[in-house]
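Undergrad: Build me a model:
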Amino acid sequence: MLRFRTARSETEVLVREVESALGRCIAVSVLKERPDDPDALDGAVTGLRAQADLLDGSPKPADAAELEAIEALETRVVDRKLDLLGIDPRQVRRGSLAALAHVGLTPSATGLPVVADAYAGRRRDTDAVVDRVRALMAVLHAVHGAPAADVAGSLKSRGLVPWSTPQERTFLDLQGSREEGDRELAAHRAWIGRRVEGLHALGWALGILDDLEPTGFSAVHPSAFAAVGPAEPAGAPTELELRPQSELLARLDLLSCAHYAVQEHELRGASSPLPRDVIPGAIAERKRALEWLLGQDGWDDIEVDGDIRASRRR
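TA: Predicted coordinates:
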């Protein structure tokens, strides 16, 4: 009796190729069980990127060839996930450029990686974002005059120290040990104080705030964050949920384009000033917050002074 082999679907082929690249692991097991689940594809992207990082920089031709194959496979997995989410990265970009034109920013089309591709892997969950907000609000309380020792003690007792950053803890140390007027303390206070813009971005991502624009300063009162439970310990539950990933990616793309436009303006030495409502520092800190949310890098490690992060896909 003749048996005819049916053609495998594209999804089956993709899953087999991911399994071949990563071997037996949790991410592959989950993907095999739920091949059309964006979260399962997230796990595959994370695994492939970790594998690529191990090979990156190797002088061996075989490793270079394997790296190229893994990056090509990652691109296909990302495309599959974005398709399931109904996200067209290039349409997102067109929307960003159109919105910026209304505020007087026109970044060039060249050199701008498509952010939706670069941040299509695993993002932080709602609980992580809520605890980061709690820690950041405590640190900003110190910026505005609360005793550093009290703030540091609160972070420790509530289990929020891991959700503060090394730079924020350095600021608290300085505020607790230096006299007012100390230049290093003043510089750190100004530096950390700008993170209110990142707080605003996380508040928007959690649905607490309605707007997150590439213009203006944040003027949100702490009472707006009551739903987060600012005085609660790490892990305390809330009713909050993150906005859909499509919204988060689109807003990061908008802020990244705005950041790029500001950098271009500065590099060109343009004679005309930036539009009045365009605040470079505010844009940078809002962008940093969404990059942190949509990636796995530490808050302090995210570069906001250089070019926007390049995607693996060129």
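Undergrad: Gly203 touches Phe225, doesn't it?
TA: Yes. Using C-beta atoms under 8 Å, Gly203 is in contact with Phe225, at 6.1 Å. For every residue, glycine as well, the C-beta is placed using N, CA and C.
Undergrad: residues shared between the contacts of these two?
TA: By C-beta atoms under 8 Å, 6 or more residues apart in numbering, Gly203 and Phe225 have these common neighbours: Val133.
Undergrad: Low-confidence bits of the stretch 201-314 of the chain, can you list those?
TA: 269-271, 305-314 (pLDDT under 70).
Undergrad: which stretches of it form helices?
TA: 245-268, 280-294 (DSSP state H, counting those that start in this stretch).
Undergrad: between the first one and helix 280-294, how big is the angle?
TA: Direction vectors for helix 245-268 and helix 280-294, defined by axes from the mean of the first three to the mean of the last three C-alpha atoms, to 10 degrees, enclose an angle of 140 degrees.
Undergrad: How far does helix 245-268 sit from its chain's centre?
TA: Computed by C-alpha atoms, centre = their mean, to the nearest Å, the chain-centroid distance of helix 245-268 equals 13 Å.
Undergrad: Next, Pro147: phi, psi?
TA: In terms of degrees, to the nearest 10, the main-chain angles of Pro147 are phi -60, psi 130.
Undergrad: neighbours around it, how many?
TA: 13 (other C-beta atoms under 10 Å).
Undergrad: contacting residues for the residue lying closest to it once chain neighbours are set aside?
TA: Of all residues not flanking Pro147 in the chain, Gly176 sits nearest, at 7.8 Å (C-beta to C-beta, 6 or more residues apart in numbering). In this structure, Gly176 makes contact with 147-149, 152, judged by C-beta under 8 Å, 6+ apart.
Undergrad: Need the phi and psi values for Gly176.
TA: Torsion angles, degrees, to the nearest 10, at Gly176: phi -80, psi -10.
Undergrad: how about the helices of the stretch 201-314 of the chain, which one is nearest Arg169?
TA: helix 280-294 (16.7 Å; C-beta to C-beta).
Undergrad: Show me what counts as buried in that closest one.
TA: 280, 282-294 (16 or more other C-beta atoms under 10 Å).
Undergrad: Stretch 37-52 too?
TA: 38, 40-45, 47-49, 51-52.
Undergrad: Now secondary structure, distance to Val161 and pLDDT too, for the residues you listed, in a markdown table please.
TA: Converted to a markdown table, the buried residues of stretch 37-52 look like this (DSSP: H, G, I helix; E, B strand; the rest coil; distance: C-beta to C-beta, whole Å; pLDDT from 0 to 100):
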| residue | secondary structure | distance to Val161 | pLDDT |
| --- | --- | --- | --- |
| Pro38 | helix | 32 | 87 |
| Ala40 | helix | 33 | 90 |
| Leu41 | helix | 33 | 90 |
| Asp42 | helix | 28 | 86 |
| Gly43 | helix | 28 | 88 |
| Ala44 | helix | 33 | 90 |
| Val45 | helix | 30 | 89 |
| Gly47 | helix | 30 | 90 |
| Leu48 | helix | 32 | 91 |
| Arg49 | helix | 28 | 86 |
| Gln51 | helix | 32 | 89 |
| Ala52 | helix | 32 | 90 |
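Undergrad: For Gly229, state which of those is nearest.
TA: Closest to Gly229, out of all of the buried residues of stretch 37-52 and judged by C-beta to C-beta, is Asp42, at 27.5 Å.
Undergrad: Quick check: phi and psi on the residue nearest to that closest one when sequence neighbours are not counted?
TA: For Asp42, ignoring the flanking residues on the chain, the nearest one in space by C-beta to C-beta, 6+ apart is Arg122 at 4.4 Å. Per-residue torsions, Arg122: phi -70, psi 130 (degrees, to the nearest 10).
Undergrad: What separation do you get for Arg122 and Ala201?
TA: Taking C-beta to C-beta, to the nearest Å as the measure, Arg122 falls 19 Å from Ala201.
Undergrad: neighbour count winner among the two?
TA: Ala201 (28 against 19).
Undergrad: my guess is the more buried one meets Leu212, correct?
TA: Yes. Contact criterion C-beta under 8 Å: Ala201 and Leu212 qualify, at 5.8 Å.
Undergrad: Mind listing the shared neighbours of these two?
TA: Arg286.
Undergrad: Report the contact partners of Glu33.
TA: By C-beta under 8 Å, 6+ apart, the neighbours of Glu33 are Ala40.
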